[in-house]
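Participant: Okay, sequence plus prediction incoming.
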Amino acid sequence: MDYKRIKVSRTEDVVTVTLNRPDKLNGVDMGMFEELIHVSRALRKDRQLRAVIMTGSGDNFSSGLDFKSMMTNKSNAAKLLFKWWPGQSNRAQQVSSNWRKLSVPVIAAIDGYCWGAGMQIALGADFRICSPNANLSIMESKMGLTSDMAGSIALREVMPKDRAMLISICGQEVSAEEALKYGLVTEVCEDPLEAAQMLANKVKRMSPDVNAAMKHMYTRYWTAPAWKLLAYETYSQIRIMLGRNFGRMQSALRKKTPPEFQPRQRYW
């Protein structure tokens, strides 16, 4: 696909996805929805992939939904909200929920505005690293709307319910320091993209099978009954120990050399 609203670059086995409408503060229009859905689905099939970094071009992650662009075609809302089954993700929700389905860590590097739809996209990442001047907000309530882009899944995992309700209902703008205090972001640093790249390099030194198992364990079973989490722990451990990368890791530990991993196993 020839992307026009995002940029996708690859350095070895780490892919960087950049929201690329700087003249619109990376506002999310229908084209960006479609391109984010396409790239997230394509990356899910890539067993060579080790990590994904999401960021925005210019000085902002995203100012949110481009309402003016979206409202020029009234059918856009229907396309985004339609779903065959209530429990599945519609197209609006997939720009967040699809990143949770990847078998590799996804890291959001946030600078400037991260509002509305942009915040929902960032909540699909496993880690959020922001600059000190970042400004974050779940501001759909200011538009007379509720959040409907799947970010609430991550929100319930990282924040207390009362704080999540407060910033969502009031459309509160949150500074970097407040976001770190509330658990909305993982880290605050001067250069979030550089920090994201450093984290991706750390991830690459670990077994891709272990990374996949740990990610799915926490995203699928974080709020599940304990018995389901225990069952998945046992299942994933057995699958890892039967895989080639486990042997490579043990050999590297004995030789005290960096491990050379094979691509991720197919069942993750």
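Facilitator: That came through, no problem.
Participant: Give me the residue at the spatial middle of this protein.
Facilitator: Centrality entry for the chain: nearest residue to the mean C-alpha point is Ala125, 1.9 Å, by CA atoms, centre = their mean.
Participant: How about Ile129: which residues does it bridge to?
Facilitator: Ala109, Glu187 (DSSP bridges).
Participant: if I look at it, how far off is Gln48?
Facilitator: 24 Å (CB to CB, to the nearest Å). C-beta: built from backbone N, CA, C; applies to glycine.
Participant: Same check on Ala108?
Facilitator: For Ala108, the distance to Gln48 - CB to CB - is 22 Å.
Participant: Compare those two and say which is more crowded by neighbours.
Facilitator: Ala108 (29 against 11; other CB atoms under 10 Å).
Participant: So the nearest residue to that one once chain neighbours are set aside, which state does it fall into?
Facilitator: Nearest-residue entry for Ala108: Ala125, 3.8 Å, with adjacent residues in sequence omitted and distances by CB to CB, 6 or more residues apart in numbering. Classification of Ala125 using DSSP: H, G, I helix; E, B strand; the rest coil returns coil.
Participant: could you list every residue that touches Ala125?
Facilitator: Ala125 sits next to 54, 99, 106-108 when contact means CB atoms under 8 Å, 6 or more residues apart in numbering.
Participant: if you set the cut-off to 6 Å instead, what comes out?
Facilitator: 54, 99, 106, 108 (CB atoms under 6 Å, 6 or more residues apart in numbering).
Participant: And it, how close does it get to Cys189?
Facilitator: The value you get for Ala125 to Cys189, if CB to CB is used, is 16 Å.
Participant: Check Gln120 too.
Facilitator: Following CB to CB, the distance that separates Gln120 from Cys189 is 23 Å.
Participant: Could you check which of these two has the larger neighbour count?
Facilitator: The neighbour count for Gln120 versus Cys189, taken as other CB under 10 Å, is higher for Gln120 (29 against 16).
Participant: Surely that one is in contact with Ser96?
Facilitator: Yes - because the distance of 4.9 Å satisfies CB atoms under 6 Å, Gln120 is recorded as touching Ser96.
Participant: Can you pull the residues that touch both of these two?
Facilitator: Common neighbours of Gln120 and Ser96 (CB under 6 Å, 6+ apart) are 149, 151.
Participant: Lowest average confidence across helices and strands of the protein, where is it?
Facilitator: Sorting the helices and strands of the chain by mean pLDDT, DSSP states H and E puts helix 67-71 at the bottom, at a mean of 76.
Participant: Mind listing residues that contact it?
Facilitator: 29, 76.
Participant: can you give me how far the helix or strand following it is from the chain middle?
Facilitator: Using DSSP states H and E, the helix or strand that follows helix 67-71 in sequence is helix 75-81. Helix 75-81 sits 23 Å away from the centroid of its parent chain (CA atoms, centre = their mean, to the nearest Å).
Participant: Okay, buried residues for helix 75-81 please.
Facilitator: For helix 75-81, burial by neighbour count (16 or more other CB atoms under 10 Å) applies to 76, 80.
Participant: returning to that earlier point: what about the residue nearest to Ala108, distance to Ala77?
Facilitator: Per CB to CB, Ala125 is found 25 Å from Ala77.
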